[in-house]
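>>> structure for the following, please:
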Amino acid sequence: QVQLVESGGGLVQAGGSLRLSCAASGRTFSSYAMGWFRQAPGKEREFVAAISRNGGRTVYADSVKGRFTISRDNAKNTVYLQMNSLKPEETAVYYCAAGWYSGTLYSTHDRYNYWGQGTQVTVSS
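Numbering: from 1, shown residues only. Predicted coordinates:
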């Protein structure tokens with residue numbers, strides 16, 4: 001069992017930056033691939049980024065490549081999402097998720113076993 005708690009959301013102007021954090025409980029954090037997803041009002045949840053168990057591999061949605069960076073600190077049981085050059089259309093609830101898998105990093109939410117409660121990110125124009 002893994003419990004995930006996101007933080008760091010808030011209101012930011014277009015072009016600004018935010019850093020999201022996701023703290024995980026338990027001693028097996030390094031056994032999970034981690035992902036970030038987001039869901040805007042009236043839209044489906046979409047993949048943002050994922051990182052391998054040891055942090056050596058990452059994958060991003062095309063829409064955020066070059067602007068967002070996912071990272072993790074296994075000693076602190078925490079995964080991060082640094083978001084730069086934010087756009088108003090990226091206003092959403094951002095969720096972190098833990099996936100019990102290895103190898104290929106997945107962008108589909110059915111590969112992730114545990115989810116946080118989400119943190120609101122609002123980007124004003």
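>>> check contacts around Ala33.
50-53, 98-99, 101-102, 105-106 (Cβ atoms under 8 Å, 6 or more residues apart in numbering). C-betas here are computed from N, CA, C, even on glycine.
>>> any idea whether Glu89 is helix, strand or coil?
When states are read from DSSP: H, G, I helix; E, B strand; the rest coil, the local structure at Glu89 comes out as helix.
>>> enumerate every residue touching it.
40, 123.
>>> what about it, distance to Ser124?
The spacing between Glu89 and Ser124, counted by Cβ to Cβ, to the nearest Å, is 12 Å.
>>> Three-state assignment for Gln82, please.
Local secondary structure at Gln82 is given as strand here, using three-state DSSP.
>>> nearest spatial neighbour of the spatially most central residue of the chain, skipping sequence neighbours?
Nearest to the geometric centre of the chain sits Trp36, at 2.2 Å (Cα atoms, centre = their mean). Take Trp36 and drop its neighbours on the chain: the residue closest to it by Cβ to Cβ, 6 or more residues apart in numbering is Val48, 4.3 Å away.
>>> thought that neighbour was touching Glu90?
No. Using Cβ atoms under 8 Å, Val48 is not in contact with Glu90; the gap is 9.2 Å.
>>> need the residues touching each of the two.
Contact criterion Cβ under 8 Å, 6+ apart; residues shared by Val48 and Glu90: Arg38.
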